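Asker: no FASTA, just this:
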């Protein structure tokens, strides 16, 4: 489990600004896509030099909206990542998937 | 801090499959965008009914790649979300931002 | 067919700036995602008021990279849209798809 | 100008299926992002081999939603690409931008 402290901090931050009204699951999903693209912009061109600090900051924006959506859906980020890992492990057994980036239906 | 357990689990999972070779920061950034769009697909059309369980599963995929990139960059998800929250708080002071979804340069 | 004039103009513009070197299909695909997210940002929050002129300008950025990728792959935008429409028509026959936004495998 | 034929074909296709009701500018913008990510998926992993035909088909999906949005906003794809090219030319004059992929504010 991620500590619950960060969720409390996020909630307080958003309530103080009366921003909870904007955070429907749909709006949060759009926001995750928008921030993911800003992260991708760090890698838009070959040979681009973006500092790790800039990448980390864009990643933080994606994670913030992910945490807000998780909180909204009553899900713990760490728990759901673990549960998905079990599913992925079944779709990609070690003996078939080792060293290959193919999709499971092309293994 | 998120517990370090999930990072150990993710690392073991990826090493077992020899997948670390595919996980350059750039490839992880692309993967985050790709999974973010699958999450967005749950909300593509008005009046669409996607179950919370499906949304949570797509969110888990985004988070998985976010955790892998954080690990790769030596960053703790919770710490960087907190640090960004401080920055955002400075750009959006309560008195100016309350109840408004405008960008900070239009407040 | 779209007129070939715009392709000539795009080529001249890029050659004058020696930018063709950056326009690998992969980099163009990333650029399309990045610009698509800037377009989406016009609709990030409920009740947001973005002018049509702003939306059109963001759409133009997406289209520019789409045209560059089409040109790179020797494809005519209008032709490939038409060819895909035929395929989509087969997956979504009028009698089954009428008035429904469901994916073809859930019709 | 792109020929108006494709727009007539798209309109007829959508009206036959009673799909125009789903095509608000916001829903089309989400759809463009979703399809852009499917295009990006062709380039997710290093050394991946996706055929040009697959790439073209994903590009066609992005273009389809772009054309629908352009039509909805009364804009001609070719015209708005040309108008944006003029603006971009002013932000990136040949002498400053030649051979560089930097953003205009870092040139």
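Answerer: Good, I have the coordinates. Keep in mind that what you see is a predicted model, and the values were worked out from it rather than measured.
Asker: For chain A, which residue gets nearest to chain C?
Answerer: At 3.2 Å from chain C, residue A:37 is the closest residue in chain A, using Cβ to the nearest Cβ. For every residue, glycine as well, the C-beta is placed using N, CA and C.
Asker: helix, strand or coil for that residue?
Answerer: Following DSSP: H, G, I helix; E, B strand; the rest coil, we place residue A:37 in the helix state.
Asker: Now do the same contact list for it.
Answerer: Contacts were defined as Cβ atoms under 8 Å, 6 or more residues apart in numbering or on different chains; by that measure residue A:37 touches B:33, C:33-34, C:36-38, D:33.
Asker: Just among those residues, which is most surrounded?
Answerer: Counting by other Cβ atoms under 10 Å in any protein chain shown, residue C:36 has the largest number of neighbours within the contacts of residue A:37, with 35 neighbours.
Asker: Against chain D, how distant is that residue?
Answerer: Using Cβ to the nearest Cβ, to the nearest Å, residue C:36 is found at 4 Å from chain D.
Asker: tell me the SS of the most far-flung residue of chain A relative to its centre?
Answerer: If you look at how far each residue of chain A sits from its centre, by Cα atoms, centre = their mean, the farthest one is residue A:95, at 28.3 Å. Secondary structure of residue A:95, reduced to three states by three-state DSSP: helix.
Asker: and the gap between it and residue B:13?
Answerer: For residue A:95, the distance to residue B:13 (Cβ to Cβ, to the nearest Å) stands at 14 Å.
Asker: Was I right to think residue A:44 contacts residue C:32?
Answerer: No - look at residue A:44 against residue C:32 with Cβ atoms under 8 Å: they stay out of range, at 10.7 Å.
Asker: between these two, which one's more packed in?
Answerer: Using other Cβ under 10 Å as the criterion, residue A:44 and residue C:32 rank with residue C:32 on top: 30 against 19.
Asker: per-residue confidence averaged over the longest helix out of those in chain A?
Answerer: Across chain A, the longest stretch assigned as helix under DSSP state H is helix A:52-72. For helix A:52-72, mean pLDDT is 97.
Asker: What lies in contact with stretch A:71-91?
Answerer: Residues outside stretch A:71-91 that contact it (Cβ under 8 Å, 6+ apart): A:1-2, A:7, A:10-11, A:23, A:25, A:28, A:66-67, A:70, A:104, B:2-3, B:5-6, B:9-10, B:13, B:52, B:55-57, B:59-61, B:63-64, B:67, B:77.
Asker: now those residues: which count as buried?
Answerer: Among these, those scoring as buried are A:2, A:7, A:10, A:23, A:25, A:28, A:66-67, A:70, B:2, B:6, B:9-10, B:13, B:55-57, B:59-61, B:63-64, B:67, B:77 (criterion: 16 or more other Cβ atoms under 10 Å in any protein chain shown).
Asker: which residues sit against the worst-scoring helix or strand of chain A on mean pLDDT?
Answerer: Taking all helices and strands of chain A together, the one with the lowest average confidence (mean pLDDT, DSSP states H and E) is helix A:94-97, at a mean of 92. Applying Cβ under 8 Å, 6+ apart, the set of residues contacting helix A:94-97 from outside is A:104, A:107, B:16-17, B:19.
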